[in-house]
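Asker: Mind looking at a prediction? Sequence and model below.
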Amino acid sequence: SKDSNDKLKFGIEVISSYDASLVFTLRAMFVRLICANGMTAIEDINSSIKRHTLKFDVDASFDKLKYLNKTFTAMSDTFEVYNHTDLTAGEVDILFKTLLKLRSEGTSILYISHKLEEIRKLCDTATILRLGKKVDTCTPEKTSTKKLAEMMVGSTIKAPEKLNKPAGRVMLNVNNICCVSKSQFGTSLTNVTFDLRQGKILGIGGVAGNGQDELFAVLSGEQFSQHGSIGLNGINITKFNPNQRRKIGLLSAPEERLGHAAAPNMSLIENTLITAENSQNLVSRGFIDWKKSKAFAEKVIKKFDVRTPGSQNTAGSLSGGNLQKFVIGREILQNPSVFIVNQPTWGVDAAAASSIRQALLTLSENGAAILVISQDLDELLEISDQFAALNGGALSRIEKTADLSMEQIGLMMGGAKDLEVHNV
């Protein structure tokens, strides 16, 4: 087999999930650049990027471009994209626009992913592999997502079962929160108000970049609001940091796995200590109970089917989907009274997504109050009892999910106040 440099000589360029995590930094949303002629002039690169509808400041990042030593102008004949699970939904949209542009210009694309809706949207044909062997080849447009998923995992995928239990008392009260975003690319929160009730799931939808990250940061305690208050079981936690909130039952799982939810160079055992030290009594009199820590890590691995040689392996050695399962499982198995999760099934296969959603439903049925922030509307419709949308940092009115049509959800995501759908 040829390495990446040899492949490039034959007009083949490969993007792996690790490459993607490098080049989609700071939400600049640029795809790894492709070269053959070694052209490095800033004007030419700028022209090429503009032609491929990418938003990227070349002048500010020319050192990175020289390091990658790639350009779109001398395009490879074949382009491989592998498992982009470290990209956000907004970045994926940019990637797709670029790939479709490349296809229209005659580039052949080999796209490797377990995100089945993306396969159906992007690909002309699909070959399904399982355990290193070919299962079948089909036309994605004519094959349902469910059928593709079942071919991929080799079994029937069971939809999560939702019980309609009455709502309990208010567990988390968020009142008139205003928070300035720390990122120049972020969106500040304006007068966000809602209650989370025991035994219920509130789904927050919206187009990427409308305040989702800021809402998560304020609720988890990573950032403090400039106005408003947050109450947990009658306790004012507005100025509590993440550890203080965890000690009284509010757990959270962020969208970004490596570096935020997990330390890449630490073992899975050590990564359990990051959030489960208090709830699982993993530290006593200043000493870590390694036996208990290992047992909890292995419980997460087994319960959530995390594919890894063992709990001693580092978080960075896991695939994006398996790390996602570990991070979500680590929090759920601590049985929080309130759970805040951002993009719970991003990057996992259909079977794992179904399993995670069922675990969230079970946690809710056991009395937890859950907030799910997700760009996957099907996910929110499947598991949430109530739905609201973020638009420009403002939260829409909260509605019962079962009463909403897709047209009304679209209006909410667009910031409309009136949910009546008018036929023109």
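Answerer: Looks like it arrived, so ask away. Residues are numbered from 1 along each chain as shown.

Asker: for the stretch 151-300 of the chain, which spans come out with low pLDDT?
Answerer: Within the stretch 151-300 of the chain, the segments meeting pLDDT under 70 span 157.

Asker: Let's see that with 50 instead.
Answerer: Along the stretch 151-300 of the chain, the model assigns pLDDT under 50 to no residue.

Asker: What are the boundaries of the strands in it?
Answerer: 170-179, 189-197, 201-205, 227-232, 235-236, 250-253, 283-284, 287-288 (DSSP state E, counting those that start in this stretch).

Asker: Can you tell me which of those strands is nearest to M406?
Answerer: strand 201-205 (11.3 Å; Cβ to Cβ). C-beta here means a position set from N, CA and C on the backbone, and glycine is covered the same way.

Asker: Name every strand pairing with the closest one and say which way it goes.
Answerer: strand 369-373 (parallel), strand 386-391 (parallel) (DSSP bridges).

Asker: picking up where we left off before, same list, the strands of the stretch 151-300 of the chain, but as JSON lines with distance to S113 and mean neighbour count please.
Answerer: Putting the strands of the stretch 151-300 of the chain into JSON lines (distance: least, Cβ to Cβ, whole Å; neighbours: other Cβ atoms under 10 Å) gives the following:
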{"stretch": "strand 170-179", "distance to S113": "35", "mean neighbour count": "19"}
{"stretch": "strand 189-197", "distance to S113": "33", "mean neighbour count": "19"}
{"stretch": "strand 201-205", "distance to S113": "23", "mean neighbour count": "25"}
{"stretch": "strand 227-232", "distance to S113": "38", "mean neighbour count": "18"}
{"stretch": "strand 235-236", "distance to S113": "44", "mean neighbour count": "12"}
{"stretch": "strand 250-253", "distance to S113": "23", "mean neighbour count": "24"}
{"stretch": "strand 283-284", "distance to S113": "40", "mean neighbour count": "12"}
{"stretch": "strand 287-288", "distance to S113": "38", "mean neighbour count": "10"}
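
Asker: In contact with the nearest residue to V338 once chain neighbours are set aside: list those residues for me.
Answerer: Leaving aside its sequence neighbours, V338 sits nearest to L250 (Cβ to Cβ, 6 or more residues apart in numbering; 4.5 Å). Contacts for L250 (Cβ atoms under 8 Å, 6 or more residues apart in numbering) come out as L172, L219, S220, G221, L232, I237, P336, S337, V338, F339, I340.

Asker: I'd like the distance between L250 and P166.
Answerer: 23 Å (Cβ to Cβ, to the nearest Å).

Asker: and if you look at S267?
Answerer: Taken as Cβ to Cβ, the span from S267 to P166 is 43 Å.

Asker: higher neighbour count, the two?
Answerer: Counted by other Cβ atoms under 10 Å, S267 and P166 do not tie: S267 has more neighbours, with 19 against 8.

Asker: how many other residues sit next to the closest residue in space to that one that isn't next to it in sequence?
Answerer: Nearest residue to S267, sequence neighbours excluded (Cβ to Cβ, 6+ apart): Q312, at 5.2 Å. Burial measure for Q312: 12 neighbouring residues, criterion other Cβ under 10 Å.

Asker: Let's have the contacts of L250 in a markdown table, adding distance to I128.
Answerer: Shown next, in a markdown table, are those (distance: Cβ to Cβ, whole Å):
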| residue | distance to I128 |
| --- | --- |
| L172 | 42 |
| L219 | 39 |
| S220 | 38 |
| G221 | 43 |
| L232 | 46 |
| I237 | 47 |
| P336 | 37 |
| S337 | 41 |
| V338 | 39 |
| F339 | 34 |
| I340 | 35 |
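
Asker: Okay, and which of the residues you listed map to helices?
Answerer: L219, S220 (DSSP state H).

Asker: What is the nearest of the contacts of L250 to G367?
Answerer: Once Cβ to Cβ is applied, the member of those that ends up nearest G367 is S337, at 7.5 Å.

Asker: tell me the contacts of that closest one?
Answerer: M171, Q198, N233, G249, L250, G367, A368, A369.

Asker: Is it possible to get CSV of those that adds distance to S104?
Answerer: Formatted as CSV, the contacts of S337 follow (distance: Cβ to Cβ, whole Å):
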residue, distance to S104
M171, 51
Q198, 52
N233, 56
G249, 52
L250, 48
G367, 53
A368, 48
A369, 48
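
Asker: quick check, nearest of those residues to I398?
Answerer: For these, the residue nearest I398 by Cβ to Cβ is A369; the value is 13.6 Å.

Asker: tally of neighbours for D376?
Answerer: A count of nearby residues for D376, using other Cβ under 10 Å, gives 19.

Asker: List the residues that contact G249.
Answerer: Counting by Cβ under 8 Å, 6+ apart, G249 touches L232, N233, P336, S337, V338.

Asker: any idea how far it lies from L219?
Answerer: Counting by Cβ to Cβ, the separation of G249 from L219 is 13 Å.

Asker: try D349
Answerer: Using Cβ to Cβ, D349 is found at 28 Å from L219.

Asker: So for those two, which residue has more residues nearby?
Answerer: When D349 and L219 are compared for neighbours, L219 comes out ahead with 26 against 19, by other Cβ under 10 Å.

Asker: Which pLDDT does the model give V23?
Answerer: Looking at V23, its pLDDT stands at 37.

Asker: Next: F79.
Answerer: pLDDT recorded at F79 is 53.

Asker: likewise the one 4 residues further on?
Answerer: We note a pLDDT of 55 for N83 in this prediction.

Asker: Can you get me a residue count around R285?
Answerer: Considering only other Cβ under 10 Å, R285 is surrounded by 4 other residues.

Asker: among the contacts of G249, which two are most distant?
Answerer: Spatial extent of the contacts of G249 (Cβ to Cβ) is set by the pair N233 and P336 at 12.0 Å.

Asker: More neighbours: those two, which one.
Answerer: Taking neighbours as other Cβ under 10 Å, N233 and P336 compare with P336 leading, 21 against 17.

Asker: so the more buried one makes contact with A253?
Answerer: No - contact criterion Cβ atoms under 8 Å: P336 and A253 do not qualify, at 10.0 Å.

Asker: mind listing what's buried in stretch 369-387?
Answerer: Buried residues in stretch 369-387, counted by 16 or more other Cβ atoms under 10 Å: 369-377, 379-387.

Asker: I am finished for the moment; much appreciated.
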